[in-house]
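> Just need the structure, nothing else, for what follows:
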Amino acid sequence: MRFRSLGVLCGATAGLLLFAGCGKRESQVAEGDRTQTLLVGNLIEPPDLDPQLVDDDRTQQLIMSIAEGLAQYDVKTCLPVPAVAESWEHNPDCTQWTFRLRPDARWSDGRPLTARDFVYAYRRLLSPGLAAEYAYMLFNLKNGQAFYTGKIRDFGQVGVHASGDQTLVMDLDHPVPYLDKLVCHPAWYPVPQAAIEKFGKIDDRGTRWTRPGNFVGNGPFDLVEWKAHQIIRVVKSPTYWNRDHIRLNEVDFLPIEDNATEEAMFRRGQLHVTATMPQDKIPVYKNDPKLRRYLDQTTMLCTYFYAYNVTKPPLDNPQVRRALSEAIDRKEIVERVALGGQPPAGHLTPPNTAGFTATANIPSDPELARQELAKAGFPGGKGFPRFELLYNTSEGHRQIAEAIQQMWKRELGVEVTLRNVEGKVWSESMREGNFQIARYSWVGDYVDPSTFLDLMLSDDGNNYGHWKNAEYDRLVSAGDREPDQVRRFADYQRAEEILVDQSPLIPIYFYTRNNLRVPELKGWYGNLLDEHAFTDVYLETPAQ
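Model prediction:
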């Protein structure tokens, strides 16, 4: 079920009425307000609910409701605040970090959560057989990469150990002054050894341990229902250490890939908050005084881009890649198609990310693009093979893809076929390299430029296009290890210059999140990562 059949709304102006309803029947939103049941548009059907295999921001937010790490994102600033760890400290050069765990932290089956659960989780994430996309995050640990690549086999040599039940110590390969930001990400969450190994080996993917009735988590909510393409339901956990602070009783995540359907459901009182909205409806809500209060526009730490699979000729040629990128009119895309106030993007890292702004920019210049394509051996597009552009289901993605398709034909004389697939198929296609050019976006995992620049490292699990550049790897790795910000940012500037020159991706725009939210939803703040801790969220009924 994809919520396609929505019936006929009441009244001649029903297209713009919110929560008017037919007769006196209580809407699902009103019922949710009364019962503290939050209805969330989740955009996609999650491929898995394994914290260590999360590969998209919507699934990450869902996992944050049923699992928790050492630290959590602050709901407004996205900076780290205590979670399972009530405190932490590091040595002067930030090569050793010590986290003090809460003695009352529990798994959902009632067992105490200890530092050894984190050690097991990190052993699992670094197990090569798991092939976790975020394994590289733990390469910061001493010998973490060596264990992952098989150079050492004794996990006891990796820089993490439990010093008693409530103390976790990490020894790092190099200074990482922002480690407390990193551990907010689900890759660093603990996982339950007994539950995992009941259904397979430590490095098995996709087993039934993440299904309702089997899943053991440590988050503020417990997983009770998962009906594919319909609903994922979580309820308030009786074992969560801060359960008395939680005001919601239940959260229902609805995977609605079509944003027009999602907006219609919002109008009918079936959702408290949407993941997105139709691009052509943004001006409608923005310009209507009665509708404006439902529109939420938030600057995000996110870049919308197209990824090249550089193993597929002629996309292995940097001149071809630059030509395709330079032929795109980004200003036209954001002003006539995207319509959400997004800034055009000429590089990967969003401006002013923790103080860093790239100076390198790929130009929008059709004449230069034609020259590049001619140098590559395809003057006027002659002889250029027809290729395919992959995107996941979304009206907005389709409109942008069609606009770029027309630009490439008009400016370069090249033909592209568009292929639309649902989110799970898109994710599998990307991971398997089954694409030529694909829609992609990257939401920062934490507020630092390294979360974007690490994406294009040769050994990064999310570098689906398989682009490799030794000098880029050297610069980013040096920047990641450099405690001095001036020298660090200089390395990152040079890395961005290489991305522009080699063009392994096509930056299109920097995100502004446009979605819909009811006024009674409290504790839900727009923030740079679009992450929301359900620990602080509640619904205010009219009586309140």
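> OK, contacts around the closest residue to residue 417 other than its chain neighbours?
Spatially, and ignoring its direct neighbours in sequence, residue 417 is nearest to residue 388 (4.9 Å; CB to CB, 6 or more residues apart in numbering). For the C-beta atoms, the positions are set from N, CA and C on the backbone; glycine is no exception. Going by CB atoms under 8 Å, 6 or more residues apart in numbering, residue 388 touches 416-419, 435-437.
> Of those, just say which sits nearest to residue 267.
residue 418 (29.1 Å; CB to CB).
> can I assume that closest one sits in a strand?
Yes. The assignment for residue 418 by DSSP: H, G, I helix; E, B strand; the rest coil puts it in a strand.
> please begin residue numbering at 31 from this point
All set: I'll call the first residue 31, so the last point we hit is now residue 448.
> That one contacts residue 430, doesn't it?
No. If you go by CB atoms under 8 Å, residue 448 and residue 430 don't touch, sitting 10.5 Å apart.
> Between these two, tell me which one has more neighbours.
It is residue 430, of residue 448 and residue 430, that has more neighbours when counted by other CB atoms under 10 Å, with 23 against 14.
> pLDDT wise, what is residue 423 at?
What the model reports as pLDDT for residue 423 is 86.
> Excluding residues flanking it in the chain, which one is nearest it?
Distance criterion CB to CB, 6+ apart; nearest residue to residue 423, sequence neighbours excluded, is residue 287 at 4.4 Å.
> residue contacts, that neighbour?
Counting by CB under 8 Å, 6+ apart, residue 287 touches 32, 73-75, 422-424, 452-453.
> ok, now residue 157?
When contacts are counted by CB under 8 Å, 6+ apart, residue 157 is found next to 178, 232-233.
> Once you drop chain neighbours, what's closest to the residue nearest the centre of the chain?
Residue closest to the average C-alpha location in the chain (CA atoms, centre = their mean): residue 87, at 2.6 Å. Using CB to CB, 6+ apart and skipping residues adjacent in sequence, the residue nearest residue 87 is residue 473, 4.4 Å away.
> Please name the bridge partners of the one you found.
Going by DSSP bridges, residue 473 is paired in beta bridges with residue 332.
> which stretches of the stretch 131-280 of the chain form strands?
Secondary structure of the stretch 131-280 of the chain by DSSP state E, counting those that start in this stretch: the strands cover 190-192, 197-201, 251-257, 261-266, 280-284.
> Would you format these as a markdown table with mean neighbour count and mean pLDDT included?
A markdown table is the format used below for those (neighbours: other CB atoms under 10 Å; pLDDT from 0 to 100):
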| stretch | mean neighbour count | mean pLDDT |
| --- | --- | --- |
| strand 190-192 | 19 | 98 |
| strand 197-201 | 20 | 98 |
| strand 251-257 | 19 | 98 |
| strand 261-266 | 20 | 98 |
| strand 280-284 | 21 | 98 |
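> Where do the helices of the stretch 331-480 of the chain begin and end?
348-356, 360-362, 396-405, 425-442, 453-462, 480-483 (DSSP state H, counting those that start in this stretch).
> and residue 327, how many neighbours?
Residue 327 - counted by other CB under 10 Å - has 14 other residues nearby.
> Low-confidence regions, this structure specifically.
Of all residues in the chain, those with pLDDT under 70 make up the ranges 31-54, 572-574.
> Can you give me the domain boundaries for it?
Domains of the chain are assigned by automatic domain parsing as 44-78+249-304+547-569, 98-237, 329-542.
> Determine which of these approaches residue 320 most closely.
domain 44-78+249-304+547-569 (8.2 Å).
> Nearest residue to residue 474 in space, please, no chain neighbours.
Counting by CB to CB, 6+ apart, the residue nearest residue 474 is residue 331, at 3.9 Å.
> Touching, residue 542 and residue 325? I think so.
No. Between residue 542 and residue 325 no contact is recorded; they are 11.4 Å apart, counting by CB under 8 Å.
> overlap in contacts of the two?
Counting by CB under 8 Å, 6+ apart, nothing touches both residue 542 and residue 325.
> by contact count, what packs against whatever helix or strand residue 329 lives in?
Element membership of residue 329 [criterion: DSSP states H and E] is strand 325-338. If you count contacts as 3 or more CB pairs under 8 Å, 6 or more residues apart in numbering; DSSP states H and E, strand 325-338 packs onto helix 312-317, strand 467-473, strand 535-546.
> Would you agree the residue nearest to residue 474 is in contact with residue 559?
Yes. Counting by CB under 8 Å, residue 559 is a contact partner of residue 331 at 5.9 Å.
> Common neighbours of the two, please.
Here residue 331 and residue 559 share the contacting residues 108, 473-474, 477, scored by CB under 8 Å, 6+ apart.
> are any of these buried, and which?
Those of the shared contacts of residue 331 and residue 559 that meet the buried threshold are 108, 473-474, 477, by 16 or more other CB atoms under 10 Å.
> got a winner among the contacts of residue 157 for most neighbours?
residue 178 leads the contacts of residue 157 on contacts (other CB under 10 Å) with 22 neighbours.
> That one is in contact with residue 169, isn't it?
Yes. If you go by CB under 8 Å, residue 178 and residue 169 touch, sitting 7.1 Å apart.
> what sits in contact with each of these two?
Shared contacts of residue 178 and residue 169 (CB under 8 Å, 6+ apart): none.
> For the closest residue in space to residue 422 that isn't next to it in sequence, the count of nearby residues, please.
In space, and not counting its chain neighbours, residue 422 is closest to residue 456: 3.7 Å by CB to CB, 6+ apart. Neighbour count of residue 456, defined by other CB under 10 Å: 25.
> so who does residue 456 touch?
Residue 456 is in contact with 420-423, 468, counting by CB under 8 Å, 6+ apart.
> where's the closest residue to residue 210 other than its chain neighbours relative to residue 475, distance?
Distance criterion CB to CB, 6+ apart; nearest residue to residue 210, sequence neighbours excluded, is residue 110 at 4.3 Å. Plainly put, residue 110 is 12 Å away from residue 475 if you go by CB to CB, to the nearest Å.
> Same question for residue 482.
The gap separating residue 482 from residue 475 is 9 Å, by CB to CB.
> Could you do residue 58 as well?
For residue 58, the distance to residue 475 - CB to CB - is 33 Å.
> neighbour count winner among those two?
Applying other CB under 10 Å to residue 58 and residue 475 shows that residue 475 carries more neighbours, namely 26 against 16.
> right, and that one touches residue 481 too?
Yes. Taking CB under 8 Å as the definition, residue 475 is a contact partner of residue 481 at 4.7 Å.
> For residue 331 and residue 559, work out which one has more neighbours and name it.
Taking neighbours as other CB under 10 Å, residue 331 and residue 559 compare with residue 331 leading, 26 against 22.
> so what's the more buried one up against?
Shown in contact with residue 331 (CB under 8 Å, 6+ apart): 108, 380, 383, 473-474, 477, 541, 558-559.
> From these, pick the one nearest residue 488.
Distances from residue 488 to the contacts of residue 331, taken by CB to CB, are shortest for residue 474, at 20.6 Å.
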